[in-house]
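# mind looking at a prediction? Sequence and model below.
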Amino acid sequence: MENQGGKEGKVKAMDALGKKGEVPRRAPSLPPLKLLVIEDDVVMARNLMNLLSQEKNPAFEVEETDRLKTSLRSLRRYMPDVILLELHLPDSSGLETFLKVHANAPAVPIVILTSTHDEDLAMQAIKRGADDYLIKENLDLKRIPRLLRFAFERKRAQRRLLLAEARYRTIFENSAVAITVTDAQERIVSWNKCAENLLGMNRQDLYLRPVRSLYPEKEWRSIRLRNIRQKGIQSHFETRVLRKDGEVIDIDIAISVLKDAEGMVTGSIGIMKDITERKRTERALREAEARYRTIFENSAVGITVTDAEERIVSWNKFAEELLKRGPEDLYQKPVSSLYPETEWKRIRSCNIRQKNKPQHLESQMVLKDGSVIDIEVSITVLKDAEGRVTGSIGIIKDITDRKMAEYALQFAELKYRTIFENSAVAITVTDADENIVSWNQFA
């Protein structure tokens with residue numbers, strides 16, 4: 001029978017391995033930190049070397065020098081991650097020591113080693129760019145590795161932050177859209193050059209200006225109704241802003257609310273794009289479409305529009321009356337169904353799709369009741385920007401009465417010619433100058 005202690009030991013071992021029996025993962029190995037120690041106190045230098053040699057994750061690769069001159073040479077061939085610096089060296093002393101080292105390694109964090117009576121000097125070095133300082137009289141050697149790692153990480157974070165800020169500033173200043181930044185009181189505190197150009201304003205006009213003053217009152221009320229502060233972000237929407245000269249322009253804007261770590265609103269970013277020309281074009285297009293629709297609906301001729309597959313997709317009221325067909329007889333019906341088969345073949349033979357100008361034809365169309373009328377049709381092929389056929393427009397005029405009149409005239413002329421030629425008396429015809437211009441066989 002297994003004793004209780006054995007069971008307990010197994011449980012503890014399993015706990016150590018984890019719930020699924022897995023061996024706990026080790027922390028990933030960190031690359032060693034390169035440290036340059038500039039210290040002329042041999043004992044202090046030796047103690048530091050002994051201490052840092054015991055560090056494992058990360059380990060320290062240490063180089064030591066006791067002169068400013070040799071340390072500057074070291075910096076030229078060995079760029080460290082961290083520098084531990086004594087300000088008073090045999091060949092340099094005081095703040096000047098720090099300034100020369102810092103000038104040769106501006107991106108490297110520097111921790112100052114100083115004495116109690118030189119603490120003010122160390123503070124001056126901090127103000128000029130040093131990262132931290134240690135007082136030798138109160139030195140806790142065990143804290144040094146942690147302090148050096150912290151100085152390195154802090155400097156690296158600062159570099160990343162500066163890089164991110166530089167990238168942001170480059171994007172901000174060179175953006176092709178206007179950008180404004182407001183504070184918690186909705187006053188403009190930052191903007192780019194494009195914003196100045198868009199609004200026709202300069203720094204004097206914009207700095208601490210209430211952002212609501214950029215909008216007509218009606219537009220600002222509409223923006224307020226969007227509850228952007230509660231949502232946190234509002235994707236693109238269209239509104240209008242006021243330029244300095246009073247001109248109202250159309251814009252597309254996206255607004256993002258800025259908040260701090262506690263969720264308190266600290267401001268907002270607005271990204272604006274001028275769409276005045278686009279809106280003007282859209283208005284002109286709507287007006288043109290309205291004019292087209294007026295002409296289309298009130299025209300005294302029938303008009304049909306087909307798609308690329310030659311199916312009827314639009315027509316006017318006159319076309320319904322002319323063809324005696326309703327919407328159910330026209331929509332999506334092949335336009336070929338409006339023509340007698342022989343007429344459609346004749347139209348097809350004209351290769352209208354290959355020609356780049358309207359084609360005028362006389363033809364015939366079939367009414368809903370099956371009767372046929374004579375028509376004159378003008379067909380224009382519609383194409384897109386790439387030259388692909390997207391449909392056609394047919395303008396149809398009923399010429400049945402005209403054709404009947406032509407047939408009647410031809411019949412009358414035929415009767416006249418028969419009587420003229422077969423008369424049993426001589427007939428002559430003269431012009432205005434009494435010259436004979438026509439006569440019959442009997443004459």
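Good, I have the coordinates.
# ok, residue 37 - how many residues close by?
Neighbourhood size, residue 37 [other CB atoms under 10 Å]: 23. (Glycine included, C-beta is placed from N, CA and C.)
# how close does it sit to residue 262?
Note on residue 37: its distance to residue 262, by CB to CB, to the nearest Å, is 42 Å.
# what's the answer for residue 410, then?
Using CB to CB, which is the criterion applied here, residue 410 is 97 Å from residue 262.
# which one of those two is surrounded by more residues?
In terms of neighbours (other CB under 10 Å), residue 410 is the more surrounded of residue 410 and residue 262; the figures are 10 against 5.
# doesn't that one belong to a helix?
Yes: the assignment for residue 410, made by DSSP: H, G, I helix; E, B strand; the rest coil, places it in a helix.
# low pLDDT regions in this structure?
Counting by pLDDT under 70, the chain has low-confidence residues at 1-29, 57, 443.
# grab the longest helix from it for me.
Assignment by DSSP state H gives helix 144-174 as the longest helix of the chain.
# residues in contact with the next helix or strand after that one: which ones?
Next in sequence after helix 144-174, counting helices and strands by DSSP states H and E, comes strand 178-183. For strand 178-183, the surrounding residues in contact (CB atoms under 8 Å, 6 or more residues apart in numbering) are 172, 188-192, 194-195, 197-199, 206, 211, 258, 266-274.
# list buried residues within these.
Of the members of the contacts of strand 178-183, the ones counted as buried by neighbours, 16 or more other CB atoms under 10 Å, are 172, 188, 191-192, 194-195, 198-199, 206, 211, 267-274.
# narrow those residues to those in helices?
Those of the buried ones among the contacts of strand 178-183 mapping onto helices are 172, 194-195, 198-199, 206, per DSSP H.
# using TSV, lay out the residues you listed together with distance to residue 347.
Written out in TSV, the entries for these read as follows (distance: CB to CB, whole Å):
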residue	distance to residue 347
172	62
194	56
195	59
198	55
199	59
206	66
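# closest one to residue 307 out of the residues you listed, please.
Closest to residue 307 out of these is residue 198 (41.6 Å), distances taken as CB to CB.
# dump the residue contacts of that closest one.
Residues in contact with residue 198, defined by CB under 8 Å, 6+ apart, are 178, 241, 243, 249, 251, 272, 274.
# which of those are buried?
Among the contacts of residue 198, the ones that count as buried by 16+ other CB under 10 Å are 178, 241, 249, 251, 272, 274.
# now the two most distant members of the residues you listed.
Between any two of these (CB to CB), the greatest distance is 10.7 Å, for 178 and 249.
# show me where the stretch 201-350 of the chain has its strands.
Listed in chain order, the strands of the stretch 201-350 of the chain (DSSP state E, counting those that start in this stretch) span residues 233-242, 248-259, 265-274, 302-307, 312-315.
# report the distance from the third one to the chain centre.
It stands for strand 265-274. Strand 265-274 has its average C-alpha position 16 Å from the chain's average C-alpha position, going by CA atoms, centre = their mean, to the nearest Å.
# possible to save the contacts of residue 198 as TSV with distance to residue 314?
Putting the contacts of residue 198 into TSV (distance: CB to CB, whole Å) gives the following:
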residue	distance to residue 314
178	41
241	39
243	41
249	36
251	35
272	39
274	35
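# please identify which of those is nearest to residue 67.
Closest to residue 67 out of these is residue 178 (56.6 Å), distances taken as CB to CB.
# how about the closest one: what's its closest non-neighbour residue?
Closest residue in space to residue 178, ignoring its immediate chain neighbours: residue 195 at 3.8 Å, by CB to CB, 6 or more residues apart in numbering.
# verify the stated contact: the one you found with residue 272.
Yes: the pair formed by residue 195 and residue 272 meets the contact definition of CB atoms under 8 Å, at 7.2 Å.
# got the contact list for residue 47?
With contacts defined as CB under 8 Å, 6+ apart, residue 47 is in contact with residue 141.
# any idea how many residues pack against residue 242?
By other CB under 10 Å, neighbour count at residue 242 equals 17.
# which strand residues bridge it?
When bridges are assigned using DSSP bridges, the partners listed for residue 242 are residue 248.
# rewinding a little: distance to residue 77 added to the buried ones among the contacts of residue 198, as TSV?
Supplementary listing: the buried ones among the contacts of residue 198 in TSV, determined by distance: CB to CB, whole Å:
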residue	distance to residue 77
178	50
241	58
249	60
251	57
272	52
274	55
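# circling back: want to try TSV for the strands of the stretch 201-350 of the chain, with distance to residue 436 as columns?
Formatted as TSV, these follow (distance: least, CB to CB, whole Å):
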stretch	distance to residue 436
strand 233-242	82
strand 248-259	80
strand 265-274	82
strand 302-307	49
strand 312-315	56
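# so which of those gets nearest residue 429?
Nearest to residue 429 among these is strand 302-307; the distance by CB to CB comes to 43.4 Å.
# what does the closest one contact?
Here strand 302-307 makes contact (CB under 8 Å, 6+ apart) with 296, 312-316, 318-319, 321-323, 330, 335, 338, 390-398.
# if anything else comes up later, I'll come back, but that's it for now.
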